[in-house]
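> okay, here's the prediction I keep looking at, along with the sequence it came from:
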Amino acid sequence: MRLAVYCPHYEDLGGVRLVAQRLTGEMLRRGHEITVIARWYAALAPGRTRDPATDAALVRLLLPRTPHRGAGLTAHRRFVRRFPRSVWRLVRELGAIRPDVVAAHCSKFHAPYLAAIAAARRVPIVLHLHNGARTADGPESPALTRLLLRASRRVIAVSPAVAEYARQALPSAADRVVVVPNGVDPEEFLEVAPIARARPFVLGVGRLAEQKGFDLLIDALPATDLDLVLAGDGPERERLARRAAARGVGDRVEFLGAVPRATVAGLLRGAAVVAMPSRFEGHPLVCLEAMLAGAPLVTAAIPGLPPELVDGETGLIVPPEDPRALGAALTALAASPARARALGRAAAAAARRFPTWDAVATRVLAEYAAAWRPTAPPAAGLGDGSDA
């Protein structure tokens, strides 16, 4: 199969990038031909290159996103000026690629591009929906969400919560929505040694953005005797550093920036606690990987968590936006290493039920084939029971 992966954020830090790269790598391994279309910005060279992570063909185009309603008149005028040329280049590029399917990993703010692809190239589009109403690049927009869903022949949602959002947003598309959860790679943790530090630490992993709730984690830190290690980078780094200083814990917070995957695995295995105080997620990779690593885990009670994460059994779940509850959970696990280890062991046992990326790719390819050739037999499920 010849695939075009439309993923504007393919080279940005974050979970969407990791998912798209994992699927791309698996599909290349199976002999499929893939070209990734990503957005160009000033730090990167425009045009054609290769993705160093997968060796897939990579094309960078100027793809300004649709401004949200509150962005102001200037932003809307700028988009109106730039969009026609950007969409013309995108459609021309797809004409050269001649894909059987376009796999789109994008939010509602790229819906006009998918609508243009569907109209100009009449190629089936399979949308990978990574979040519900809230996304990292802007507020909810029902009109753009409906446009995104209408342009897509099939919609792959990463969790039942995201699927339900899509079905409610466009009821006429409900029968085109399926759930395929994110996968894991158990081998990443088999030979990785825990990373030890002088003092016990709570670990946060992810892009340093408001979505991830690391400001809440800093607010919770004074109530604990733990250090905080943040693995990731993003626009909120300086603000978080100032917040830590204002809370009197600046000397207990370390910003590692973006780190290799092996380092993330070692940190997950070495942390006293892994915290995920996110404000919203679709199906968070850090949660899956922390459980796979056997880490004691504290998360906010948000939609999209895996069903294997059970409060008091395989982790602790606290109310969202509640630094006091978060601090109390961190303190409880730090004060009882035996309980923390028991939760980690139970989490690792439950994580054996997570699908591997190989299994996820098999299911996703079946959905692509069904979109490309609608008479193809339906794909077998991954055991989540939510895509009937």
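Yes, it's here. Not measured: the values here are computed from a predicted model.

> show me what secondary structure element comes after whichever helix or strand residue 17 is part of.
Taking DSSP states H and E as the definition, residue 17 sits inside helix 15-29. Remark: after helix 15-29, the chain's next helix or strand is strand 33-39, criterion DSSP H and E.

> domain boundaries for the chain, per the record?
2-183+356-372, 186-351 (automatic domain parsing).

> how about those domains in JSON lines, adding mean pLDDT and mean neighbour count?
Where you see a C-beta, it was placed from the backbone N, CA and C, and this is true even at glycine. What follows is the domains of the chain, written out as JSON lines (pLDDT from 0 to 100; neighbours: other Cβ atoms under 10 Å):
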{"stretch": "domain 2-183+356-372", "mean pLDDT": "93", "mean neighbour count": "19"}
{"stretch": "domain 186-351", "mean pLDDT": "96", "mean neighbour count": "19"}
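
> how about the secondary structure of the closest residue to residue 184 other than its chain neighbours?
Using Cβ to Cβ, 6 or more residues apart in numbering and skipping residues adjacent in sequence, the residue nearest residue 184 is residue 354, 4.7 Å away. Following DSSP: H, G, I helix; E, B strand; the rest coil, the label given to residue 354 is coil.

> ok, now residue 316?
Here residue 316 is strand, with the state taken from three-state DSSP.

> contacts only, for it.
296-299, 329, 332-333, 343 (Cβ atoms under 8 Å, 6 or more residues apart in numbering).

> 7 Å - rerun?
By Cβ atoms under 7 Å, 6 or more residues apart in numbering, the residues touching residue 316 are 298, 329.

> likewise the one 4 residues further on?
Contacts here follow Cβ under 7 Å, 6+ apart; on that basis residue 320 touches 279, 300-302.

> pick out the most distant pair among the residues you listed.
The span of the contacts of residue 320, defined through Cβ to Cβ, is set by 279 and 301 at 11.4 Å.

> follow-up on the earlier one: so which of the contacts of residue 320 are in strands?
If you go by DSSP state E, the contacts of residue 320 have residue 300 in strands.

> okay if I get the contacts of residue 320 as JSON lines plus distance to residue 257?
Below are the contacts of residue 320 laid out as JSON lines (distance: Cβ to Cβ, whole Å):
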{"residue": "279", "distance to residue 257": "22"}
{"residue": "300", "distance to residue 257": "24"}
{"residue": "301", "distance to residue 257": "29"}
{"residue": "302", "distance to residue 257": "26"}
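
> show me what the helix holding residue 17 is packed against.
If contacts are counted by 3 or more Cβ pairs under 7 Å, 6 or more residues apart in numbering; DSSP states H and E, helix 15-29 sits against strand 2-6, strand 33-39, helix 357-372.

> would you map the strands across the protein?
Going by DSSP E, the chain shows strands at 2-6, 33-39, 47-50, 57-61, 101-105, 125-129, 154-157, 177-179, 201-205, 227-231, 253-257, 273-276, 297-300, 316-318.

> residue 78 is nearest to which of the ones you listed?
So among the strands of the chain, strand 33-39 is nearest, using Cβ to Cβ, at 15.3 Å.

> quick one: strands adjacent to the closest one?
strand 2-6 (parallel), strand 57-61 (parallel) (DSSP bridges).

> quick revisit: among the helices and strands packed on helix 15-29, which comes closest to residue 109?
strand 33-39 (11.4 Å).

> now what about the closest one, what contacts it?
With Cβ under 7 Å, 6+ apart, strand 33-39 has contacts from 2-8, 10-11, 24, 27-28, 51, 56-61, 63, 90, 93, 97.

> correct me, but residue 65 touches residue 137?
Yes. Counting by Cβ atoms under 7 Å, residue 65 does reach residue 137; the two are 6.5 Å apart.

> where do the contact lists of these two overlap?
Contacts common to residue 65 and residue 137, judged by Cβ under 7 Å, 6+ apart, are residue 109.

> ranges for the helices of the stretch 201-350 of the chain?
Applying DSSP state H, counting those that start in this stretch to the stretch 201-350 of the chain gives helices spanning 214-220, 237-246, 261-270, 285-292, 323-335, 337-351.

> possible to save the ones you listed as a markdown table with distance to residue 141?
Listed next are these as a markdown table, based on distance: least, Cβ to Cβ, whole Å:
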| stretch | distance to residue 141 |
| --- | --- |
| helix 214-220 | 25 |
| helix 237-246 | 26 |
| helix 261-270 | 33 |
| helix 285-292 | 25 |
| helix 323-335 | 30 |
| helix 337-351 | 35 |
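
> residue 110 is nearest to which of those?
Closest among the helices of the stretch 201-350 of the chain, using Cβ to Cβ: helix 285-292, at 21.3 Å.

> the closest one vs strand 227-231, what angle?
120 degrees (axes from the mean of the first three to the mean of the last three Cα atoms, to 10 degrees).

> alright, calling it a day.
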